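J.: Turn this into a structure:
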Amino acid sequence: MKEITLEELQKLPKKSYALIDVRSEDLTNYGTIPGAKVISPEELNEENNSQIAEIPTDKKIIMFCQIGKKTQDLELDTYASVKDRDCYSLAGGYMAYLQAELNKMDTEDKQKKAEESIQKKFHKQLFTPFAKACKTYKLINEGDHIAVCISGGKDSMLMAKLFQEIQKHRQVSFKITFLVMDPGYNKENRELIEANCKALGIPATIFESTIFDTVDTIEKSPCYLCARMRRGYLYSKAKELGCNKIALGHHFDDVIETVLMGMLYGGQIQTMMPKLHSTNFEGMELIRPLYLVRESDICAWRDYNNLHFLQCACHFTETCSTCHEDGTTASKRLETKKLIAELKKTNPFVEANIFKSMENVNIDTVITYKKKGKRINFLDEY
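T.: The predicted model follows:
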């Protein structure tokens, strides 16, 4: 497909073209270029696609994916709805747009607005549940040195700002190191993380690994292996820097989705714990301070501040598919997210009930359970 750069696009009259985002739903949920229609490659192959039909034939069609690779390789003759249209691939894709937006940022104003929004507009939705989780689950203790792990996404970036905020309250004396691991990001993704840290006033310590190159050749469960390796590298580097804890950005919705996914796809009942002792790194602990924070509130904060973050930056993103931080595939997590949303239509308390179910387990009514690795059957004490 013919290519057009962002600079060339910006010189065109806005009424002369239409933008088409061909990325997967889990990516477009995190943002798209304003005014773009979201149409998957499968939908492009529909001969009478209604969204394409709405675009006047004299308009150029500008398609974009995450980094421009997928749209550039599209063979238009095989897509019924656009084969006779004047189509272009946006060079660099959505990442090119994000980088341009970051270059326009006034970093001092961006940091000030983001911090004020946490202190005022989103205090109840973000800081209050963050502080409550820290207190309820005893996540922060006197003398702690916490490695706040930043992946580049909205959750970990917000978590970093919340740690800065709670440290101002001085109720507990603890140290923070903002830790970013580069597992092999492409240039654009690395620059986006660095630009966001600078814009938000987060003094990040960045170290590198070759995880992406390692898992690129793995066919079975590469996302799971990647997640395990990333956590191991983070523990190791954090310990090297004198930290006794690592903080990850999993939120309330991650927790309840994990509960359901374990039942539906793993045949087990388990939850994502608010804190864990490391089994491989003595003296190290993992904490999840966003445990009670809702994803919708994180998104609202992001959008209010006009912030643009990474979702997934692995090599698989080049083909516009993604994985989650805990190694689950985005498609299964998105499927579970949709299921919860559907259940909520008839039961507005479904999310809270899923969460509470993990706090109200009655062992007397469980056939078999595990404790410290030992399998216990109800018949053992019947």
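
J.: Now the phi/psi pair for residue 181, please.
T.: phi -100, psi 130 (degrees, to the nearest 10).

J.: Would you mind measuring from it to residue 282?
T.: 21 Å (Cβ to Cβ, to the nearest Å). (Each C-beta comes from the backbone N, C-alpha and C, glycine too.)

J.: Compare the two and say which is more crowded by neighbours.
T.: residue 181 (20 against 8; other Cβ atoms under 10 Å).

J.: tell me the mean pLDDT for the longest helix seen in the chain?
T.: Counting by DSSP state H, the longest helix found in the chain is helix 222-240. Averaging pLDDT along helix 222-240 yields 87.

J.: Name the next helix or strand downstream of that helix, please.
T.: Using DSSP states H and E, the next helix or strand after helix 222-240 towards the C-terminus is strand 245-247.

J.: who's in contact with residue 155?
T.: 249-251, 290, 295, 298 (Cβ atoms under 8 Å, 6 or more residues apart in numbering).

J.: In helices, which of these fall?
T.: Going by DSSP H, the helices hold 295, 298 from these.

J.: ok, the contacts of residue 155 vs residue 278, which is closest?
T.: The shortest approach to residue 278 among the contacts of residue 155 belongs to residue 250, at 16.0 Å (Cβ to Cβ).

J.: That closest one: neighbour count?
T.: Neighbours around residue 250, by other Cβ under 10 Å: 25.

J.: can I assume residue 379 sits in a helix?
T.: Yes - counting by DSSP: H, G, I helix; E, B strand; the rest coil, residue 379 falls inside a helix.

J.: number of nearby residues for it?
T.: That count, for residue 379 with other Cβ under 10 Å as the rule, works out to 8.

J.: residues touching it, list them.
T.: Contacts of residue 379 (Cβ under 8 Å, 6+ apart): none.

J.: Distance-wise, check it relative to residue 42.
T.: In terms of Cβ to Cβ, residue 379 sits 51 Å off from residue 42.

J.: Also residue 304?
T.: Distance from residue 304 to residue 42, by Cβ to Cβ: 34 Å.

J.: Between these two, which is the more surrounded one?
T.: residue 304 (13 against 9).

J.: For the more buried one, which non-adjacent residue is closest in space?
T.: Nearest in space to residue 304, with sequence neighbours left out and distances taken as Cβ to Cβ, 6 or more residues apart in numbering, is residue 117 at 5.9 Å.

J.: Please tell me I have it right and the one you found contacts residue 302.
T.: No - using Cβ atoms under 8 Å, residue 117 makes no contact with residue 302, being 10.1 Å away.

J.: more crowded one of these two?
T.: Of the pair residue 117 and residue 302, residue 302 is the one with more neighbours under other Cβ under 10 Å, namely 20 against 17.

J.: what about that one, helix or strand, and which?
T.: Going by DSSP H and E, residue 302 is part of helix 295-304.

J.: tell me the mean pLDDT for that helix?
T.: pLDDT averaged over helix 295-304 gives 94.

J.: how about the CA coordinates for it, as PDB?
T.: C-alpha atoms of helix 295-304 as PDB (Å, rounded to 0.1, in the frame of the first residue of the first chain):
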ATOM      1  CA  GLU A 295      -9.800   0.900  35.700                       C
ATOM      2  CA  SER A 296     -12.500   3.300  34.500                       C
ATOM      3  CA  ASP A 297     -11.300   5.900  37.000                       C
ATOM      4  CA  ILE A 298      -7.700   5.400  35.700                       C
ATOM      5  CA  CYS A 299      -8.900   5.900  32.200                       C
ATOM      6  CA  ALA A 300     -10.800   9.100  33.200                       C
ATOM      7  CA  TRP A 301      -7.700  10.500  34.800                       C
ATOM      8  CA  ARG A 302      -5.700   9.700  31.700                       C
ATOM      9  CA  ASP A 303      -8.200  11.300  29.300                       C
ATOM     10  CA  TYR A 304      -8.800  14.400  31.500                       C
END
